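In: Below: sequence and its predicted model.
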Amino acid sequence: MVDDSIAIVNSLEAILGISGYKVDTAYSGSDALRKIHQIDYDLVICDIEMPGLSGLEFLGRVREEFDRNLDVILMTGYLEHDYFIEAIRLGASDFIRKPIDTKHMISSIRELIFRKQNRDEKSEFFGHLDKAAFTFEMPAKKFSKLGVSKVFSNYMRQYFRVGPKVLNELLVCVDEMIYNAYIHGTLNLSVRERALTHEALQDVIDKRMENPEIRERKVTFAFVVDNLQQCIEVCVEDEGDGFDFESWLETIRTEQIHDIEGHGRGLAMLYHLSDEMIFEREGRKVKIKKSLIASDADEGY
Amino acid sequence: MQNKLDKQSIKYNYVKGKKIIEEIDMTIDLTFDGNIAAMKIDGILNSENAHILQEKLTEVMQSNASMLELDLLDCRNISSTGIGKILLFYKDFISKGGEIEVVRSSNSVYDLFSMLKLNQLFTVNLG
């Protein structure tokens, strides 16, 4: 429980104590930060308006320095809309209005602790496995509704231990692989078409989707987390015509890659961000391998 | 402007806010000061949201700005689609006498720009 008001902290501590919760207290954001580095809390309830480190700044520091999964409930009486957006972007789990509605607070705590236990059980389960494999088959006609990067990111954050730098690089790789499979392999868009505005591009995609052969195509996205080797293998396969990947690989290895027209930039990024990149089925299938072990350079990311 | 929060407005704002964040997972703040356009990108810039960057860059192109200052300190990463949008803008912007500078960047973005040798095209500052 974090609030600069001793009276509020004491009364909420008493209420939560009666409800069976063990509560630790802090009277400033920096004091709370110090404590969460030392103790494994189930969740944090924090006031937004505090002198020194505000609730939002505290939340930002928690996400940056500590744990993306630690639930933080923010308490506030007034809040600008932009602050709301910022708090959600930083991963606030819930908001409680002041003066406190204790029934609402306890129901929010119960719900978040239930979710955390669920998450921890799954994380423990996946941690005990030698390998965990996931496959997603995505129909082209529904592709625009599927936020694959977010789903992948959520899986990795919740169930596996991955440093922020490795996760960031993995997210770029997944985005490149999926985007290539959709834009090139499935829709076969030209450079000119790809440079169109969002609305104009959507019109082109809608037109392509009128072709039943394209509409019925699928993109398969799979990843395998190998706990023994501490690495991940990501594979994306499309049902397009493939491409001359060997000459592209030769270009990537030998040439500078900042050409403005953008040929092969995505592949170059994949090549540099992964430990191994393999093409199969005439380029319709691409597979990368990447270590999940954080390097020293991960510190401070 | 501040809104007093009641239970309903908390729920409304939370659901609305979540929806906005889920849709974009990235925010762009663009301001103009004389002939300088300052653009701050937070979050992850990928193929799913690169069109938002394209819209903002078009806004800069259509303005009187001759300098674009990019703040990428809170940008956790950029995919090739996002970089493509920046480079296409760069090509058009320099042809009308404009300049770009990355005034701040996160470690991951700095590494990415160095890897792609974009620091040979314009100044890229770290931190």
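Out: That came through fine. Numbers count the residues shown, from 1 in each chain, chains lettered A, B, ... in the order given.
In: what's the least confident helix or strand in the chain, going by average pLDDT?
Out: Looking at chain A here, since you left the chain open. The least trusted helix or strand in chain A, going by mean pLDDT, DSSP states H and E, turns out to be strand A:78-80, with a mean of 68.
In: and the next element down the chain from that one?
Out: Per DSSP states H and E, strand A:78-80 leads on to helix A:81-89 as the next helix or strand towards the C-terminus.
In: Mind checking the pLDDT average for that following helix?
Out: Helix A:81-89 comes out with an average pLDDT of 77.
In: again with stretch B:80-96
Out: 92.
In: Over to stretch A:5-23?
Out: Mean predicted confidence for stretch A:5-23 is 92.
In: And the contacts of that stretch?
Out: A:1-3, A:25, A:27, A:45, A:47, A:100, A:102, A:105-106, A:109 (C-beta atoms under 8 Å, 6 or more residues apart in numbering or on different chains). C-betas here are computed from N, CA, C, even on glycine.
In: Go again with 7 Å.
Out: Outside stretch A:5-23, the residues that touch it by C-beta atoms under 7 Å, 6 or more residues apart in numbering or on different chains are A:1, A:3, A:25, A:27, A:100, A:102, A:106, A:109.
In: Make sure the fifth one is indeed in a strand.
Out: No - note on residue A:100: no strand contains this position according to DSSP: H, G, I helix; E, B strand; the rest coil, which reports coil.
In: element containing residue 59?
Out: Here I'm looking at chain A. With DSSP H and E as criterion, residue A:59 is part of helix A:55-61.
In: wait, I meant chain B there
Out: Assigned by DSSP H and E, residue B:59 falls in helix B:50-61.
In: quick one, the helix or strand just after that helix and helix B:50-61 angle?
Out: Downstream of helix B:50-61, the first helix or strand assigned by DSSP H and E is strand B:67-72. Taking axes from the mean of the first three to the mean of the last three C-alpha atoms, to 10 degrees, one finds strand B:67-72 and helix B:50-61 inclined to each other by 150 degrees.
In: For residue A:239, give its distance to residue A:266.
Out: 19 Å (C-beta to C-beta, to the nearest Å).
In: So which of these two has more stuff around it?
Out: Between residue A:239 and residue A:266, residue A:266 has the larger neighbour count (other C-beta atoms under 10 Å in any protein chain shown), namely 24 against 18.
In: Who are the contact partners of the residue in chain A positioned nearest to chain B?
Out: As assessed by C-beta to the nearest C-beta, chain B sits closest to residue A:198 within chain A, at 3.4 Å. If you count contacts by C-beta under 7 Å, 6+ apart, residue A:198 has them with B:51, B:54.
In: Would you enumerate the residues in contact with the residue nearest the centre of chain B?
Out: Centroid-nearest residue in chain B: residue B:41, 3.4 Å away (criterion: C-alpha atoms, centre = their mean). Contact analysis of residue B:41 by C-beta under 7 Å, 6+ apart lists B:26, B:28, B:72, B:75.
In: Could you export the residues you listed as a markdown table, including secondary structure, neighbour count and pLDDT?
Out: Listed next are the contacts of residue B:41 as a markdown table, based on DSSP: H, G, I helix; E, B strand; the rest coil; neighbours: other C-beta atoms under 10 Å in any protein chain shown; pLDDT from 0 to 100:
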| residue | secondary structure | neighbour count | pLDDT |
| --- | --- | --- | --- |
| B:26 | strand | 22 | 80 |
| B:28 | strand | 19 | 91 |
| B:72 | strand | 27 | 95 |
| B:75 | strand | 24 | 89 |
